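Colleague: kindly return the folded structure for what I paste below:
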Amino acid sequence: MIFVFFTTIKYVMPFFKTNNQIQDDHEVILSRQNQLQNEWKNGNFKHLFSVSENLSCANQCNCENMIGSVSVPVGLAGPAKVILSGQETNCFMPLATSEGALVASVSRGLKAINQAGGSQVIVKNFGMTRAPVFAFKNGQEAFAFVDYLENQETIEKIKEITEATSSHLKLKDLKSFVRGRNVYVRFSFFTDQAMGMNMVTIALQKLWEDLLINYEGIEMLALSSNVCIDKKASFINQLLGRGYSAQAEVFLSEEILQNTLKTTSKALLKTHHSKNLMGSNLAGSNSQNMQFANVVAAFYLATGQDMAHVTEASQGNTIIEETNDGLYVAVNLPDLPLGTIGGGVNLPSQKELRELICQDKTSLTAVELAAILAIGVLAAEISGLAALSSNTLAKAHQRLARKS
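Modeller: Modelled structure (predicted):
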């Protein structure tokens, strides 16, 4: 059905264009819309076809065969008191979602965090990864190639070739894994403010063409193997990190738990243990959390990130421990591919939403974006687990998401 659909569209721009071939994007999109409307005479596509001239530039870089746009509700949670590198900042959190109660739940969690004095957030940059797989005649040759890669002279050549492809690219490290006669090499690069996946891919293609292809007996089976590992859940990304890693923590007093979250430390801890720990273990899940994906997806969509990376970014653990007067609560997100330039981050609405996050900042760094995401995830875990522990989750959804 999809194949038939695309073969009926006559007004499709070529995927590869020189500058003098690029037509006015808005006119091209309109021509596609007109043809669709003519072929589906009974259809009414006024919402789908509502594309501003500012958004029509997405036809060039973000979406091939573009015919329209999809509107998703956006809510603002906060403010949130974020403590990052010793600096305290009040930020809002844009969430693009169609799930009623999510923004309200995050806002309640942020209120509790603010009452506790804010959340300390630590962000680390583990670099963007790409892992080609190479084949050899036998295992001995495979291990010899690993030795060659780990030689300092080879590493300097790798740095020279890859970093020449972009002024924003810096080699962090590489790790090799031999299986039989195949070698999987996981390269990791710092990519400045970009998420950087395409940047790294281009650099490694250049490395193959300029250096590795000349290694005797080598064959590149794939430029990207599943050791990167991109857009899939994995142990290796949880252990080694990919993109950014963020941890947010807060100490919640018994007073805050009872007055704001309508629960107790004993009840919330018991819920966490039975759900996030034992329940996840029973289900075979490596992510011991309640709803990381809820906030990650809504924040990624609002700020222009690659939505498929939600699969990675929703991995992580919620940690809850008893204290003398309440609970210590933390979330650890080891795998956050995100950026503030490139891809969809410059789409008009997404750009404006990022400008809404912090009133005293005209632009955010990727580290700051990761920190704000982490505190939003922490807020959702606190509020969601509190609702479960007080048996009010269903009532909240019924009240907020079932209105006529």
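Colleague: domain assignment for the chain?
Modeller: 25-70, 74-126+244-401, 132-222 (automatic domain parsing).
Colleague: first-to-last residue distance for the first one?
Modeller: I take that to be domain 25-70. With C-alpha to C-alpha, to the nearest Å applied, domain 25-70 spans 18 Å between its terminal residues.
Colleague: mind checking the pLDDT average for that domain?
Modeller: The average pLDDT for domain 25-70 rounds to 81.
Colleague: deepest-packed of the domains of the chain, please.
Modeller: domain 74-126+244-401 (a mean of 20; mean count of other C-beta atoms under 10 Å). Where C-beta positions appear, they are placed from N, C-alpha and C, glycine not excepted.
Colleague: hang on, the earlier thing: quick one, which of the domains of the chain is nearest to residue 228?
Modeller: Closest approach to residue 228 among the domains of the chain is made by domain 132-222 (6.9 Å; C-beta to C-beta).
Colleague: remind me which residues of the protein are low pLDDT?
Modeller: Counting by pLDDT under 70, the chain has low-confidence residues at 1-23, 393-404.
Colleague: longest helix in it, please.
Modeller: helix 366-389 (DSSP state H).
Colleague: that older thread, so which of the domains of the chain gets nearest residue 231?
Modeller: Per C-beta to C-beta, nearest to residue 231 of those: domain 74-126+244-401, 4.5 Å.
Colleague: quick one: the helices in the stretch 151-300 of the chain?
Modeller: Using DSSP state H, counting those that start in this stretch, the helices found in the stretch 151-300 of the chain span residues 152-163, 197-210, 235-240, 254-259, 265-272, 280-283, 292-303.
Colleague: as CSV, the domains of the chain with distance to residue 232 would be great.
Modeller: Converted to CSV, the domains of the chain look like this (distance: least, C-beta to C-beta, whole Å):
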stretch, distance to residue 232
domain 25-70, 23
domain 74-126+244-401, 6
domain 132-222, 13
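Colleague: using PDB, write out every CA atom in the longest helix of the chain.
Modeller: C-alpha atoms of helix 366-389 as PDB (Å, rounded to 0.1, in the frame of the first residue of the first chain):
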ATOM      1  CA  ALA A 366      23.900  20.200  25.000                       C
ATOM      2  CA  VAL A 367      25.100  19.700  28.600                       C
ATOM      3  CA  GLU A 368      22.400  22.000  29.900                       C
ATOM      4  CA  LEU A 369      19.800  20.300  27.800                       C
ATOM      5  CA  ALA A 370      20.700  16.900  29.200                       C
ATOM      6  CA  ALA A 371      20.600  18.300  32.700                       C
ATOM      7  CA  ILE A 372      17.100  19.700  32.300                       C
ATOM      8  CA  LEU A 373      15.900  16.400  30.800                       C
ATOM      9  CA  ALA A 374      17.300  14.500  33.800                       C
ATOM     10  CA  ILE A 375      15.500  16.700  36.300                       C
ATOM     11  CA  GLY A 376      12.300  16.300  34.400                       C
ATOM     12  CA  VAL A 377      12.700  12.500  34.500                       C
ATOM     13  CA  LEU A 378      13.400  12.600  38.200                       C
ATOM     14  CA  ALA A 379      10.300  14.700  38.700                       C
ATOM     15  CA  ALA A 380       8.100  12.200  36.800                       C
ATOM     16  CA  GLU A 381       9.500   9.200  38.700                       C
ATOM     17  CA  ILE A 382       8.900  10.900  42.100                       C
ATOM     18  CA  SER A 383       5.300  12.000  41.200                       C
ATOM     19  CA  GLY A 384       4.400   8.700  39.400                       C
ATOM     20  CA  LEU A 385       5.700   6.500  42.200                       C
ATOM     21  CA  ALA A 386       4.000   8.600  44.800                       C
ATOM     22  CA  ALA A 387       0.700   8.200  42.900                       C
ATOM     23  CA  LEU A 388       1.100   4.500  42.700                       C
ATOM     24  CA  SER A 389       2.000   4.200  46.400                       C
END
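Colleague: one step back: which one, of the helices of the stretch 151-300 of the chain, ends up nearest to residue 121?
Modeller: Closest among those, using C-beta to C-beta: helix 292-303, at 14.2 Å.
Colleague: give me the residues contacting that closest one.
Modeller: 72, 74, 93-97, 99, 102, 106, 305-307, 309-310, 313-316, 331, 333, 338, 345, 350, 353-354, 369, 372-373, 376-377, 379-381 (C-beta atoms under 8 Å, 6 or more residues apart in numbering).
Colleague: apply 6 Å and report the result again.
Modeller: Helix 292-303 is contacted from outside by 74, 94-97, 102, 307, 310, 313-314, 316, 350, 353-354, 373, 376-377, 380, using C-beta atoms under 6 Å, 6 or more residues apart in numbering.
Colleague: in which helix or strand does residue 89 reside?
Modeller: For residue 89, the element it lies in under DSSP states H and E is strand 87-96.
Colleague: how far off centre is the helix or strand just after that strand?
Modeller: Sequence-wise, the next helix or strand downstream of strand 87-96 (DSSP H and E) is helix 102-115. Put simply, helix 102-115 sits 21 Å off its chain's centre (C-alpha atoms, centre = their mean, to the nearest Å).
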